[in-house]
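**Q** Give me the fold of what follows.
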Amino acid sequence: MVWLRAMLLGTTLIATATRAEVADAAAPVDAAAMPSPEIIVTGRAANLIGIADSSSEGTIGKIDLENRPIQRIGELLEVIPGFIATQHSGGGKANQYFLRGFNLDHGTDFAQFIDGVPVNMRTHAHGQGFTDINFIIPEFVDSIDYAKGPYRADVGDFLTAGSAKFKTIDTATPFVTGTGSIDGDYLRLLAGGSRKLGVGDLFLGGEFRYDNGPYEIPGNLKAFNILTKWTGPVGGGTLRASLDAYHVDFRSAEQVPARAIDSGLIGRLGYLDPYLGGKTTRIGASVNWIQDGTTPISALAYVHYYKFKLISNFTYFLDDPVHGDEFEQRDSRFVLGGKVDKRFAFDLGMPIELTIGADTRNDLIAPVGLYHTEFGQITSTVRQDRVDEESVGAFAEATIHPLPNVRVILGLRGDEYAFQVRSSISANSGHATAGIVSPKAAIAWTPVKQIEVYANYGEGFHSNDGRGTTITVSPKDGSPQTPVTPLVKARGYEIGARTRPFSGMTLTATYWWLNLKSELQYQGDGGETSPVGPSKRRGYELSAFYKPVDWLTVDGQYTRSYARETDLPPGADHIVNALENVISAGVVAKYQHASAAIRLRHFGPYPIIEDNSVRARPLTVVNARVGYDFGRVELAVDLINALDAHDYEIEYYYASRLAGEPIEGINDRHLKPIEPRQLRLSATVHF
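**A** Numbering: from 1, shown residues only. Presented below is the predicted three-dimensional model:
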């Protein structure tokens, strides 16, 4: 890692680049203007022609989030066209994510950041790339910058299907919000505000959330969340220093076999194991400094502590007919990291913008463990490990303007990883290293100011669980195990167009391909590896946004994905739980003091077994919101699952065994019903 460390520590080469953004939604952009100042994006109404590097990226502003009815925090990501966030467990656990033909599990192939700090947890007890964003408070989000595909040089690990970057607000007028459901099972208290402190502004906000849920087992979720942030001028730039703390405790209604419901053993919202649930604690601090000017230096440093516990039971009495298959996963770690980069602008016969940067991250994980449990109590250890995982990355990206209406973007990224595993099973201890280089290229052509056409190519990767890089024997039975590929390469291609036929309307169309190399995958639920072959995915995306007048916005998206494993015979090569069709649409009206919004999300049937003989049923859900602003006081009503649909959040197909069933178990659908209709009332007081 010597050359990467030198780049990270050598300030002569390391630099920052801020993506230029657009402020005036109606103003045309001169693609050849140099240098490009940083401007604030106001939301989806912004004109990204001449700014974006692909047709599948964009920015969601705070104005787009304010009137959006959501049931859970993870649905913030559904502002990304084609993105779905569901839940198969309790509300205190990371969501199940889907995008571009990927069952992303809890985040394996989708990179997420908040104020530049990576959120994905590598070598996580429950799943690689585990991304729990429940500590993010929606009202404190200023913008979400999203990009699909592996085309960005400044993002390394988990950049295959795409990325999302959350930015929190710097200041806010003091306010207090209270939200409750009619049935009393949901309560949320929120407060925030800022005041002057020295030369800057200090923001302080917090949240308490209680959710008992509609399921027969009380969820009893209790979450506490605090964000403190100071923003002010320091040393010729702007410093942002933040401290956040989050804790949640919950019980869980997991997915259950359909036969248990059909037979009347349990109700539609019933459960089979009353001891499931978990806890999560996250405490983090970060400091980010950005130099003033059009070619700034930026520097970020962060540290956070994380502790996780989860008890699950997916197969009941299949593996252990006497004591059952309940298990617990634990994860405790410190994460330290940083990033520094700089942006340059110069002319070599044509305008050129250059970004050079580097980042590093250390995960000190002790312990990460898997345990057998019964009645919620640990009975034995499957494996328990200490893992030190270190990575260093460096990147460069140049934007060249050979013609006034043409931009060529060339990027290159290099990453190196080191894994040190000390296992309770000595044969699985060891050390591993890996490196990977990821080239990127794109071209954007603006034939007329209302249309821009894009072509993109990029290679990205996701890291594998560090425990899998040194595994040699199964912790279950001692059978030989093959170590996983530490860094798994993805190669993506994309063509698309963005058009703004008239002010207020934006249309985008994208066709994409993505290939993922062969790999073994470490499964945290079993503590061993499982084979996953090479895969190919392709699809298209259509998106429309229209703001005919200041008080009305309409949007709609349709995405179609095709996903196959390439080492399996045709007909038996479907990728399980890969969504094929996703539709989302919404209308927001905000006239004078009144507001109203309605949103629909739908995904169609998808395979839940490789031969496609069993398919999950579609889901359609509608959420609605109405509000009125009296001045200092705002009132709002949210209707979650307004049509009271009886669909399923997620379906799986596998073998499980209930008491008294055949010893080999029964293959069956396992499903999690969506929550019934719920009415929530909110009141906000501004000071």
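**Q** partners of the host helix or strand of residue 60, with directions?
**A** Using DSSP states H and E, the element containing residue 60 is strand 58-61. Looking at strand 58-61 with DSSP bridges, its partner strands are strand 141-148 (antiparallel).
**Q** Let me know the angle separating the following helix or strand past the partner strand from strand 141-148.
**A** Next along the chain after strand 141-148, taking DSSP H and E as the criterion, comes strand 162-168. Angle of strand 162-168 versus strand 141-148, following axes from the mean of the first three to the mean of the last three CA atoms, to 10 degrees, is 170 degrees.
**Q** For strand 162-168, which outside residues touch it?
**A** For strand 162-168, contacts defined as CB atoms under 8 Å, 6 or more residues apart in numbering pick out 56, 76-77, 80, 99-100, 110-116, 133, 136, 140-149, 152, 155, 227, 229, 242. C-beta: built from backbone N, CA, C; applies to glycine.
**Q** Now with 7 Å, please.
**A** With contact meaning CB atoms under 7 Å, 6 or more residues apart in numbering, strand 162-168 is reached by 77, 80, 99, 110-115, 136, 140-149, 152, 155, 227, 229.
**Q** the strands in the stretch 251-400 of the chain, which residues?
**A** Under the criterion DSSP state E, counting those that start in this stretch, strands of the stretch 251-400 of the chain are mapped to 256-257, 277-291, 297-312, 327-347, 351-374, 377-403.
**Q** tell me, what residue is most central in the protein?
**A** Residue closest to the average C-alpha location in the chain (CA atoms, centre = their mean): residue 112, at 4.9 Å.
**Q** List the contacts of that residue.
**A** 119, 120, 131, 133, 163, 164.
**Q** Would you mind naming the residues that bridge with it?
**A** Where residue 112 sits in a bridge, its partners, by DSSP bridges, are residue 164.
**Q** that older thread, which of the contacts of residue 112 sits closest to residue 471?
**A** residue 120 (21.4 Å; CB to CB).
**Q** My guess is that closest one contacts residue 111. True?
**A** Yes: here residue 120 lies in contact with residue 111, judged by CB atoms under 7 Å, at a distance of 6.1 Å.
**Q** sorry, back to before: from the contacts of residue 112, which two are the most distant?
**A** Greatest spacing in the contacts of residue 112, by CB to CB: 133 and 163 (13.2 Å).
**Q** Show me where this structure has its helices.
**A** Per DSSP state H, the chain carries helices over the ranges 2-9, 62-65, 258-262, 466-470.
**Q** confidence score at residue 476?
**A** pLDDT for residue 476: 87.
**Q** Let me know how buried it is, in neighbour terms.
**A** 12 (other CB atoms under 10 Å).
**Q** Tell me who's in contact with it.
**A** residue 528.
**Q** Can you tell me how far it is from residue 523?
**A** Distance, residue 476 to residue 523, using CB to CB, to the nearest Å: 11 Å.
**Q** Residue 416 pairs with what?
**A** Taking DSSP bridges as the rule, residue 416 bridges to residue 392, residue 435.
**Q** Mind pulling the model confidence for it?
**A** 98.
**Q** my guess is it contacts residue 435, does it?
**A** Yes: using CB under 7 Å, residue 416 is in contact with residue 435, at 4.4 Å.
**Q** which residues does the closest residue to residue 380 other than its chain neighbours contact?
**A** Using CB to CB, 6 or more residues apart in numbering and skipping residues adjacent in sequence, the residue nearest residue 380 is residue 372, 4.5 Å away. Residues near residue 372 by CB under 7 Å, 6+ apart: 327, 379, 380, 382.
**Q** coming back round to it: let's have the strands of the stretch 251-400 of the chain in JSON lines, adding mean pLDDT.
**A** Listed next are these as JSON lines, based on pLDDT from 0 to 100:
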{"stretch": "strand 256-257", "mean pLDDT": "96"}
{"stretch": "strand 277-291", "mean pLDDT": "97"}
{"stretch": "strand 297-312", "mean pLDDT": "97"}
{"stretch": "strand 327-347", "mean pLDDT": "97"}
{"stretch": "strand 351-374", "mean pLDDT": "97"}
{"stretch": "strand 377-403", "mean pLDDT": "97"}
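**Q** Most tightly packed of those strands?
**A** strand 256-257 (a mean of 27; mean count of other CB atoms under 10 Å).
**Q** centre of the chain versus that one, how much separation?
**A** Centroid separation for strand 256-257 versus its chain: 27 Å, with CA atoms, centre = their mean, to the nearest Å.
**Q** now stretch 351-358
**A** With CA atoms, centre = their mean as the basis, stretch 351-358 stands 27 Å off its chain's centre.
**Q** what's the nearest residue to residue 64 if we skip its chain neighbours?
**A** With sequence-adjacent residues excluded and distances taken as CB to CB, 6+ apart, residue 64 is closest to residue 43, at 4.4 Å.
**Q** what about that neighbour, neighbour count?
**A** The number of residues packed near residue 43 is 20, by other CB under 10 Å.
**Q** for residue 638, same thing?
**A** Per other CB under 10 Å, the neighbour tally for residue 638 reads 21.
**Q** More neighbours: which of residue 133 and residue 163?
**A** Neighbours were counted for residue 133 and for residue 163 using other CB under 10 Å; residue 163 has more, 25 against 20.
**Q** need the strands for the stretch 1-150 of the chain, in chain order.
**A** Assigned by DSSP E, counting those that start in this stretch, the stretch 1-150 of the chain shows strands spanning 58-61, 84-86, 96-99, 102-103, 110-114, 117-118, 141-148.
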